[in-house]
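In: give me a 3D structure for the following:
(one chain, ligands or ions: 1)
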Amino acid sequence: MPIRVAIIGSGPAGFYTASALLKDCPNCEIDIIERLPTPYGLIRGGVAPDHQTTKKVANKYEQTALMERVRFYGNIEVGRDVSLAEVRGLYDAVVLAIGARSDRKFTIPGADKPGVYGSAAFVGWYNGHPDFQNLDPHLDTSGVAVVGNGNVAIDCARVLMRSPYGRARTDLPTQVIEAIDRSPIHEVHVLGRRGPADAAFTNVELRELGVLTEAEPRVRAEQLPSDVDAALAGYEKRERRVRQRNLNTLAEYAERAPSEKPKSLHLEFFASPVEIIGDGRVEAIRCERTQVIDGRAEGTGSFFEIPCGLVIAAIGYRAEPLDGAPFDEARGIIPNTSGRIEAGLYAVGWIKRGPVGVISTNRPDGQQAASHIQDDIPPEGDPSKTGHQGLEALLHERARRWVCFDEWKRIDEMERIAGGDDAPRRKFVSVDEMLNALDNDHPEAADD
Ligand code: NAP
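Out: Next comes the predicted model:
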């Protein structure tokens, strides 16, 4: 008997686990269960639409998905269509690769006003994620505040500030392109509660802001550290080098001569939001000026306001608990020891270690889970585990429509064709649209 493994979630962490299992565990059969009809998690729904090169890593995941020992069950949500307990009953090992799909709570007074969005929602909206297509963000404003100094904050700012020509060449959904093109936004303020030396964004992303054709990055020279060594003292050597590069780029921005570009992207540091102001909707964000003491932002008692009609809180993501698995509310992860939750149940990616790190950070998680599975599960597997046969029987019984990998490939092809000559693709943005397109493409599938 094979060892039957279910991987729940088809983002990078899920695919690196599948690929490690294929390599190291010749007796494994792997079923990837994904709640959307589309695979690849944050590669599709998180990575910025103008970072198509980054998205090419999905070609590698596709090679994994096409291996004979791998199956894909899209449009099946564990916790809705099947329970985790049921999946565990069918498989020798279950790997949770469910990520962190919600927003960390932004709790300042006024943060519940219309016009304030978390970045998971805003990025989901512009990336065509079906969960966020009704967001309808308030783009009828000239000013935007993006709270946070991570790469997601930079992505949001850049997508809003790109030229219509640049946006049209991304895979942003048509209605998103139209909405942003129509918008009068011309000032975006990215707010860091600490200083420029403490920003979490990386240098490649920061430098992209310097080559936007319609927007100029603006940095105030007086916010840059006069004593760089002191500002970087709390960081280890490698980190220091990375941050030094950011400081150099920011210094270059600060020195730029006034430009003719019609839009401005302000990088404002030492600015901790304390209140969203507005009657019925957002009119301004009130911030306290901070100073950084021992690496922490401390308020100075001095306040200022930035007029804006849209606030995006890009302050990090938050995982959601899954019925049948433990959850550490404070850390927002499933408690685990190096990826092992208990024998037979494993965690990889952001649900294992929190919402930080780039795509490749997930690779060792997959290798670790694969190695635990080989240590914990007898090589002959448990004959009572029926794997995909049991899963399909259960789904048939419940009349659940799953999307297999071949069907995803058809969705993929239709989206690429819809992109025409200029754009990489135009995405389907609702599950119904995807299923209808599949069923109309091959009418016999409707009778499945
Ligand atoms: P992040 O890197 O953790 O950044 C979160 C930012 O929010 C930090 O600047 C943090 O400031 C700030 N913040 C947190 N709570 C706040 C509050 N209450 N008020 C004001 N500011 C607050 O998170 P992320 O940007 O969501 O990115 C998640 C991960 O994905 C990161 O590892 C990122 O590098 C990665 N990513 C990479 C790329 C890329 O490679 N192009 C693109 C997108 C995302 P403090 O530092 O002061 O806490």
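In: buried residues, the longest helix seen in the chain. List them.
Out: For the chain, the helix with the greatest residue count under DSSP state H is helix 237-255. Residues of helix 237-255 classed as buried by neighbour count (16 or more other CB atoms under 10 Å): Arg240, Arg243, Gln244, Asn246, Leu247, Thr249, Leu250, Tyr253, Ala254. C-beta coordinates here come from the backbone N, C-alpha and C atoms, glycine included.
In: elements contacting it?
Out: Counting contacts by 3 or more CB pairs under 8 Å, 6 or more residues apart in numbering; DSSP states H and E, helix 237-255 packs against helix 203-208, strand 215-219, helix 228-231.
In: pick the most buried one from these.
Out: strand 215-219 (a mean of 22; mean count of other CB atoms under 10 Å).
In: number of residues surrounding Ser371?
Out: Using other CB atoms under 10 Å, Ser371 has 17 other residues around it.
In: output stretch 354-362 as PDB, nothing but the C-alphas.
Out: The C-alpha coordinates for stretch 354-362 follow below in PDB (Å, rounded to 0.1, in the frame of the first residue of the first chain):
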ATOM      1  CA  GLY A 354       3.500  33.100  11.100                       C
ATOM      2  CA  PRO A 355       3.100  35.500   8.200                       C
ATOM      3  CA  VAL A 356       6.700  36.400   7.300                       C
ATOM      4  CA  GLY A 357       9.100  35.400   4.700                       C
ATOM      5  CA  VAL A 358       9.400  35.200   0.900                       C
ATOM      6  CA  ILE A 359       8.300  32.300  -1.400                       C
ATOM      7  CA  SER A 360      11.500  30.300  -1.000                       C
ATOM      8  CA  THR A 361      11.300  30.500   2.800                       C
ATOM      9  CA  ASN A 362       8.600  27.800   2.500                       C
END
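In: residues in contact with that stretch?
Out: Here stretch 354-362 makes contact (CB atoms under 8 Å, 6 or more residues apart in numbering) with 11-13, 16, 42-43, 47, 54, 57, 100, 104, 316-319, 331-333, 348-350.
In: quick one on the thing from earlier: quick one: the longest helix of the chain near the ligand?
Out: No. Shown here: helix 237-255 not in contact with the ligand (CB under 6 Å from any ligand atom), separated by at least 11.3 Å.
In: partners of the helix or strand following that helix, with directions?
Out: Next in sequence after helix 237-255, counting helices and strands by DSSP states H and E, comes strand 263-268. Here strand 263-268 is paired, per DSSP bridges, with strand 187-191 (parallel), strand 215-219 (parallel).
In: mean pLDDT added to those, as TSV?
Out: Converted to TSV, these look like this (pLDDT from 0 to 100):
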stretch	mean pLDDT
strand 187-191	98
strand 215-219	97
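In: quick one: which of those is nearest the ligand?
Out: strand 187-191 (6.9 Å; CB to the nearest ligand atom).
In: now the most far-flung residue of the chain relative to its centre, nearest residue through space, not along the chain?
Out: Note on the chain: the largest C-alpha distance from the chain mean falls to Pro383, namely 37.9 Å (CA atoms, centre = their mean). Closest residue to Pro383 apart from its sequence neighbours, by CB to CB, 6 or more residues apart in numbering: Met1 at 5.2 Å.
In: number of nearby residues for that neighbour?
Out: For Met1, the neighbour count with other CB under 10 Å is 15.
In: swap in the one 5 residues further on?
Out: Neighbour count of Ala6, defined by other CB under 10 Å: 27.
In: I'd like the numbering to begin with 47 instead of 1 from here.
Out: Yes, from this point I'll number from 47; that puts the last item at Ala52.
In: what about it, which helix or strand?
Out: Per DSSP H and E: strand 49-54 holds Ala52.
In: pairing partners for that strand, with directions?
Out: Counting by DSSP bridges, the strands paired with strand 49-54 are strand 74-79 (parallel), strand 139-142 (parallel).
In: so after it, what's the next helix or strand?
Out: Counting by DSSP H and E, the next helix or strand C-terminal to strand 49-54 is helix 58-70.
In: can you pull the buried residues of that following helix?
Out: Pro58, Ala59, Gly60, Phe61, Tyr62, Thr63, Ala64, Ser65, Ala66, Leu67, Leu68.
In: quick one: it to strand 49-54, angle?
Out: Counting by axes from the mean of the first three to the mean of the last three CA atoms, to 10 degrees, helix 58-70 lies at 160 degrees to strand 49-54.
In: need the per-residue pLDDT for Leu440.
Out: Per-residue confidence (pLDDT) for Leu440: 98.
In: can you pull the residues of the protein lying near the ligand?
Out: Residues of the chain lying near the ligand by CB under 6 Å from any ligand atom: 193-199, 201, 238-240, 244, 246, 248, 251, 319, 360-363, 401-404.
In: which among the residues you listed count as buried?
Out: Judged by 16+ other CB under 10 Å, buried ones among these: 193-199, 201, 238-240, 244, 246, 248, 251, 319, 360-363, 401.
In: where does the stretch 247-396 of the chain dip in pLDDT?
Out: The stretch 247-396 of the chain contains no residues with pLDDT under 70.
In: hmm, 90 instead?
Out: Along the stretch 247-396 of the chain, the parts satisfying pLDDT under 90 run over 303-305, 326.
In: for it, which residue gets nearest to the ligand?
Out: Closest to the ligand within the stretch 247-396 of the chain is Ile361: 3.6 Å, counting by CB to the nearest ligand atom.
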